[in-house]
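Undergrad: Predicted coordinates and the sequence they were generated for:
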2 protein chains.
Amino acid sequence: MKDSDFELSVRELGEQGLLKRLQSFCPAELVGDDAAVLTTQPEKSLVVTADMLVDGVHFSDRTTSPEDAGWRAAAANLSDLAAMGATPIGITVGLGVPGDLAIAWVERLYQGLTDCLAQYNTVIVGGDVVRSPVTTVAITAFGQAPPNQLIRRATAQPDQAIVVTGVHGASRAGLELLLHPDQGGGLTSSDRAALIRAHQRPIPRLDVLPLLFPTPNTRYPKPIAGMDSSDGLADAVLQICRASGVGARIDRHQIPIPAALSNWVGAEQATKWVLYGGEDFELVLCLPTDLAMKLVDQLDQSAMIGIITAQPDVWLVDSSHTYPDERLSFEQGFQHFC
Amino acid sequence: MKDSDFELSVRELGEQGLLKRLQSFCPAELVGDDAAVLTTQPEKSLVVTADMLVDGVHFSDRTTSPEDAGWRAAAANLSDLAAMGATPIGITVGLGVPGDLAIAWVERLYQGLTDCLAQYNTVIVGGDVVRSPVTTVAITAFGQAPPNQLIRRATAQPDQAIVVTGVHGASRAGLELLLHPDQGGGLTSSDRAALIRAHQRPIPRLDVLPLLFPTPNTRYPKPIAGMDSSDGLADAVLQICRASGVGARIDRHQIPIPAALSNWVGAEQATKWVLYGGEDFELVLCLPTDLAMKLVDQLDQSAMIGIITAQPDVWLVDSSHTYPDERLSFEQGFQHFC
């Protein structure tokens, strides 16, 4: 980006000019036709997921720089692929922008998108740029996975261990700090920065896949079940249990929570953010206990938090006997139309 | 749709309810995970294209029913696949909707999408529904093609014939009739209906592919070049020529124009709509003359309209000597940021 472009608007640059600039974020060999051509590996399934993000609903200049909005959009979609056991091939980006939006904003959004994608050796393969009264980002991500390594929601089995690949609640805490900068006075500056970073730069857990499936031929007697925790840890466990026709017992004592979070808001509020905050983008996996233990050994901050039960309710229990058992339900979560 | 739902809004039904209803438009086996799983054929390339459509910019209740908006959105994306030589696998649909939008509108949009897709044995494989101040439809379409049957823009060669697979200008004429119903008084009711239908229900030319490539192993000494005419016939020829470093001579006398159109607005206005109107979604193909003649024989209303030249300008000539030669350029087309 040239300094002189700082105030240049979408309207001033025009469609062709903007498209040309954005093409610099795509591999040259994918640009210039009615569609992009990609090579997939034979014997792998194609895995596809789509997300739409709207200014003022899913991101806001108040809490999110354009780079962060881009990173988060890419990370959310890559997380959906990771949750299926799939490695990414590429994404398409549909972008709706008002005429008075700064070109610099759009380029910073694409920078955030490609910064995240580059971490996982993937790219923007195509897209569309149109005029819209509200800035809108529509992403479709596609990946591939060996069919016998797909992770689905509906295959959880009683007695499987439930593993989370990292801490929960940090993203929600980071959002709170961005919305209310006066909060969290007792946090160290590095704890504060870590919580904010968890919100702004979430990490899709694609790194977990090679631990679960070291080779393309790795397979287990029963498939691994799971999903990501984009809508909160409680939602993930409830969704898996409903899809699989099973229940779960989750031990709140085993759920990894950032120490800074509990110290700041207290254990009860921290647990609410852990269960219902969302956007931590960890994986919630159901697998045999021995495999679960092996995975937890290899993944910092991961934990076995409970077990799948035949009885179809989801209970939050407390092995340290401080809190009574609590039955979780979808109604307790944050109800949102998005 | 139940009659009692006629006025039910997105806000009243809520996210879960709307998602559940829209899932009825997707194959059941693709619903319920973080992403959809699809099977592709080995030895084929994956072809991906994305489009975004915004209420008031790309469609409007004034000229477009929700069913037609859905059909047109699906057709535009399938046309991009056809233009690459690819047959469709599926599409994702990202939908942004205001809370006060009628659920019936959304269901009618999806009906139009799936009506078009069903003509080509393809489906909605996933998507997202979010709140937005403006109704927005983001589509990504996936297809596959044998690598040696891909149609690209950059491979046109001097002396290849230029074929259009059907008439141009009809979509633009139909839009005019929708915007100004008092126009076209001299048209028969069936001509009027045909022009309006060309705008509301465009046909992606996937039917052309098996004529070009009767078997998966069909290949020619040199690849067929081409694209679709979604932004007008002139734009298509200019894009192909620019990408291939060649020029073209187009004979305006050979371009198929609906007779009703010329009779209504006169030859000069008709030619403008043919060249710059857009949204006819025909294919513009560059191929050896013998193959071109064979194709034109098999396709009603198709025609050889000119020839690729080594000299890199695009000329509109007139073999009937009524009009002088005219050099075409991108600047003459309708400049739009969309």
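TA: That came in fine, so what should we check first?
Undergrad: list the helices and strands the helix or strand hosting A:Ala83 packs on?
TA: In this structure, A:Ala83 sits in helix A:66-84 according to DSSP states H and E. Using 3 or more CB pairs under 8 Å, 6 or more residues apart in numbering or on different chains; DSSP states H and E, the elements in contact with helix A:66-84 are strand A:45-54, strand A:87-97, helix A:103-119, strand A:136-145, helix A:189-200, strand A:225-228. All C-beta atoms are positioned from the backbone trio N, CA, C, and that covers glycine.
Undergrad: repeat that for 6 Å
TA: Judged by 3 or more CB pairs under 6 Å, 6 or more residues apart in numbering or on different chains; DSSP states H and E, the packing partners of helix A:66-84 are strand A:45-54, helix A:103-119, strand A:136-145, strand A:225-228.
Undergrad: pull the CA atoms of that helix into CSV?
TA: The C-alpha coordinates for helix A:66-84 follow below in CSV (Å, rounded to 0.1, in the frame of the first residue of the first chain):
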residue,chain,number,x,y,z
PRO,A,66,-9.6,-4.8,9.5
GLU,A,67,-6.5,-7.1,9.8
ASP,A,68,-8.1,-8.8,12.8
ALA,A,69,-11.5,-9.0,11.1
GLY,A,70,-9.8,-10.8,8.2
TRP,A,71,-7.7,-13.1,10.4
ARG,A,72,-10.8,-14.0,12.5
ALA,A,73,-12.9,-14.7,9.3
ALA,A,74,-10.2,-17.0,7.9
ALA,A,75,-9.6,-18.7,11.3
ALA,A,76,-13.3,-19.4,11.8
ASN,A,77,-13.5,-21.2,8.5
LEU,A,78,-10.2,-23.1,8.9
SER,A,79,-11.5,-24.1,12.3
ASP,A,80,-14.6,-25.7,10.7
LEU,A,81,-12.3,-27.6,8.4
ALA,A,82,-10.1,-28.8,11.3
ALA,A,83,-13.3,-29.8,13.2
MET,A,84,-14.0,-32.2,10.3
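Undergrad: re earlier: tell me which of the helices and strands packed on helix A:66-84 sits nearest to B:Gln301.
TA: Closest to B:Gln301 of the helices and strands packed on helix A:66-84 is strand A:136-145 (CB to CB; 34.2 Å).
Undergrad: All the strands of chain A, in order from the start?
TA: With DSSP state E as the criterion, chain A has strands at A:36-38, A:45-54, A:87-97, A:124-131, A:136-145, A:161-164, A:225-228, A:247-251, A:283-287, A:303-309, A:314-317, A:326-328.
Undergrad: Tell me, how many residues neighbour the nearest residue to A:Trp105 once chain neighbours are set aside?
TA: Once flanking residues are discounted, A:Trp105 sits nearest to A:Pro66: 5.0 Å by CB to CB, 6 or more residues apart in numbering or on different chains. Neighbour count of A:Pro66, defined by other CB atoms under 10 Å in any protein chain shown: 22.
Undergrad: my read: A:Pro66 touches A:Glu107, true?
TA: No: using CB atoms under 6 Å, A:Pro66 is not in contact with A:Glu107; the gap is 8.2 Å.
Undergrad: residues in contact with the residue of the stretch 51-200 of chain A at minimum distance from chain B?
TA: Closest to chain B within the stretch 51-200 of chain A is A:Ala138: 3.1 Å, counting by CB to the nearest CB. Residues near A:Ala138 by CB atoms under 6 Å, 6 or more residues apart in numbering or on different chains: A:52, A:94, B:52, B:94, B:138.
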